[in-house]
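**Q** Structure for this input, please:
(one chain, ligands or ions: 3)
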Amino acid sequence: MSTIDVNANLTLHTDDYEINMMATYFAKNMQNRHAVFEVYFRDMPFGNGYAVFAGLEHVIDYIKNLNFTDADIEYLRKEGDYSDEFLEYLRNFKFQGTIRSAYEGDLVFNNEPIVQVEGTIAECQLVETAILNIVNYQTLIATKAARIRSVAGNDPLLEFGSRRAQEVSAALWGTRAAYIGGFDATSNVLAGKEFGIPISGTHAHSLVEAFGNDYDAFKAYAETHKDCVFLVDTFDTLKSGVPEAIRVAREMGDKINFNGVRIDSGDMAYISKRVREMLDKAGYPDTKIYASNDLDEYTISSLKMQHAKINVWGVGTKVITAFDQPALGAVYKLVSVEDKDGKMVDTIKLSNNAEKVSTPGKKQVWRITEKKDGKSEGDYVTLANEDPRVEKELYMFHPQYTYINKTITNFNAEPLLKDIFVDGKLTYKSPTLKETKQYADTVRGLLWPEYKRMLNPEQYPVDLSQEAWDNKIKLIKQIRNGGQKRLQ
Ligand SMILES: Nc1ncnc2c1ncn2[C@@H]1O[C@H](COP(=O)(O)OP(=O)(O)OP(=O)(O)O)[C@@H](O)[C@H]1O
Ligand SMILES: O=P(O)(O)OC[C@H]1O[C@H](OP(=O)(O)OP(=O)(O)O)[C@H](O)[C@@H]1O
Ligand SMILES: O=C(O)c1cccnc1
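**A** Ligands and ions are numbered 1, 2, ... in the order given. Okay, the predicted model is just below:
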């Protein structure tokens, strides 16, 4: 069994209310009614122009292992007010639904479905909590990482956040998401072993404290490691740390690779410039300067503007906790359900807040790109039975401000939601993590720069097809006119 337990049974990792609803559906003999739920988020995280989808691999592990054990059933018998018949139903429960999803690394936007779960209403209901838990966190971290990548240019980005992550699982899956989003390596050795992420590490202040001075610590490290990056700011970066690192490098000669020095405090623009001068003067122009200390896209961008001489960035807390926005806020909404006569009926959740009104009907998202250069034109959300690929021209309009519109010709339309599980069977073959990272990079390249800038990006169009829009307005009117249906 691996430590990141891909075989973990997380069946009870669900909210009590999901099982309570399952019990009601069961008692009313509605448990097998066909239903479609969709995951979407309402606002772009960090005010970013795009989000990077992540979490699918963990969702797949979770679904594969869904199964109520005897111990789970006994626990529910003790804690809940469930009938014996319902508990027997759970004991025999198997996920037999269909899941369609964006791929990890895909760019996703607010107010479009990014995961779709279709099956019996009972099974769809059960998986809400875990799917949201996984996708919300990993997509958030991958997006934060992509923002940091966007200002770091081609510089190596090291993920250092395990000590500050919200517990173990977040550190591990979070660093995987950060890798997809644009980081190059992690300090977490377990994540390296389990996911194949390159690992990277320097040393801490404690090494210098333990030896009492920079020289003895660096010398001892150099005698025990070929590749050396010395942390130079324990006492005084310019007066002691860097001179002693150079002294040790000279003494050790080609017994070591003097790969770098790390700065972890102070004015990193000023210090890095002085350190660069010292290293160059000493004949170490290839020795890199690493920086860490509460870095994020803002500090890195500012340091770049100040022409700081930093080559490698270690980023911990701010990426692994998505520091400035703790949750993505993705939701899971019922969009269509079978009525008592076996007919699928679209459903809507109304709200006084226009943004919170869900879009009814089973849908597909089409990424519309120009045929000429493959660049993005926007996303076109249709009802599932529509196929814009057969259209010669596409009329795209803003779903709230409909006077904002354009007609597109000569376009390609690619579906975002792809089959992952079909009738309970995994039909999707996962790429390697490296391929996923490469894919994330490629699709980011297709987005116009206006949507990618870190501050105040243009809003990427996510439009509804005329049919999807008409369907929504029809349902809103129906319900406002007192026409709530009896489906039972
Ligand atoms: N030239 C700079 N421009 C912008 N931000 C910087 C610059 N130099 C450092 N920073 C950032 O400023 C913050 C300084 O934080 P803080 O005051 O905690 O660090 P410190 O006092 O240098 O070190 P310590 O962590 O040991 O207290 C960090 O987020 C760091 O990344
Ligand atoms: O600042 P982050 O982006 O989270 O990067 C990780 C931090 O972890 C280490 O510090 P340590 O835990 O020793 O504490 P410190 O921040 O007080 O130096 C390292 O020196 C970085 O400063
Ligand atoms: O390797 C490092 O330098 C490192 C690892 C974790 C946290 N801070 C720094």
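**Q** Helix or strand for the spatially most central residue of the chain, just tell me which one.
**A** Nearest residue to the geometric centre of the chain (Cα atoms, centre = their mean): residue 139, 1.8 Å. Using DSSP states H and E, residue 139 sits in helix 128-152.
**Q** Does ligand 2 have contacts with that helix?
**A** No: counting by Cβ under 6 Å from any ligand atom, ligand 2 is not contacted by helix 128-152; separation bottoms out at 10.5 Å. For every residue, glycine as well, the C-beta is placed using N, CA and C.
**Q** starting at the chain centroid, how far to whichever helix or strand comes after that helix?
**A** Using DSSP H and E, the helix or strand that directly follows helix 128-152 along the chain is strand 157-159. Here strand 157-159 is found 16 Å from its chain centre; the criterion is Cα atoms, centre = their mean, to the nearest Å.
**Q** Tell me the strands beside the host helix or strand of residue 335, with direction?
**A** Here residue 335 sits within strand 331-338, counting by DSSP H and E. Strand 331-338 has the following strand partners under DSSP bridges: strand 34-40 (antiparallel), strand 344-346 (antiparallel).
**Q** ok and it relative to helix 128-152, angle-wise?
**A** Angle of strand 331-338 versus helix 128-152, following axes from the mean of the first three to the mean of the last three Cα atoms, to 10 degrees, is 130 degrees.
**Q** Residues contacting strand 331-338, please?
**A** Under the contact criterion Cβ atoms under 8 Å, 6 or more residues apart in numbering, strand 331-338 has outside partners 33-42, 117, 121, 124, 128, 131-132, 344-347, 349, 358-363, 487.
**Q** Let's see that with 7 Å instead.
**A** 33-40, 121, 128, 131-132, 344-347, 349, 358, 360-362, 487 (Cβ atoms under 7 Å, 6 or more residues apart in numbering).
**Q** And the residues you listed, which of them are buried?
**A** For the contacts of strand 331-338, a burial check counting by 16 or more other Cβ atoms under 10 Å picks out 33-40, 121, 128, 131-132, 346-347, 358, 360-362.
**Q** And residue 350, how far from ligand 1?
**A** Residue 350 is 44 Å from ligand 1, where distance means Cβ to the nearest ligand atom, to the nearest Å.
**Q** begin at 2 from here
**A** Okay, using 2 as the starting number, the last item reads as residue 351.
**Q** what sits against that residue?
**A** Counting by Cβ under 7 Å, 6+ apart, residue 351 touches 358, 477, 480.
**Q** if you look at those residues, which of them are in helices?
**A** Judged by DSSP state H, helices contain the following of those: 477, 480.
**Q** For stretch 357-372, give the mean pLDDT please.
**A** Stretch 357-372 shows a mean pLDDT of 95.
**Q** Enumerate every residue touching the residue nearest to residue 269 when sequence neighbours are not counted.
**A** The shortest distance from residue 269 to any non-neighbouring residue, by Cβ to Cβ, 6 or more residues apart in numbering, is to residue 292 (5.2 Å). By Cβ under 7 Å, 6+ apart, the contact set of residue 292 is 264, 269, 273, 311, 314-315.
**Q** who does residue 292 bridge with?
**A** Beta-bridge partners, per DSSP bridges, of residue 292: residue 264, residue 314.
**Q** where's the spatially most distant residue from the centre of the chain, which helix or strand?
**A** Distance from the C-alpha centroid of the chain, by Cα atoms, centre = their mean, peaks at residue 252 (45.9 Å). Remark: residue 252 resides in helix 243-253, with elements defined by DSSP H and E.
**Q** what packs against that helix?
**A** On a contact count with 3 or more Cβ pairs under 7 Å, 6 or more residues apart in numbering; DSSP states H and E, helix 243-253 meets helix 215-225, strand 258-264, helix 269-282.
**Q** my guess is residue 372 meets residue 412, correct?
**A** Yes: in this structure residue 372 lies within contact range of residue 412 using Cβ atoms under 7 Å: 6.1 Å.
**Q** What is the neighbour count of whichever residue of the stretch 352-489 of the chain sits closest to ligand 1?
**A** Nearest residue of the stretch 352-489 of the chain to ligand 1: residue 455, at 15.2 Å (Cβ to the nearest ligand atom). By the criterion of other Cβ atoms under 10 Å, residue 455 has 16 neighbours.
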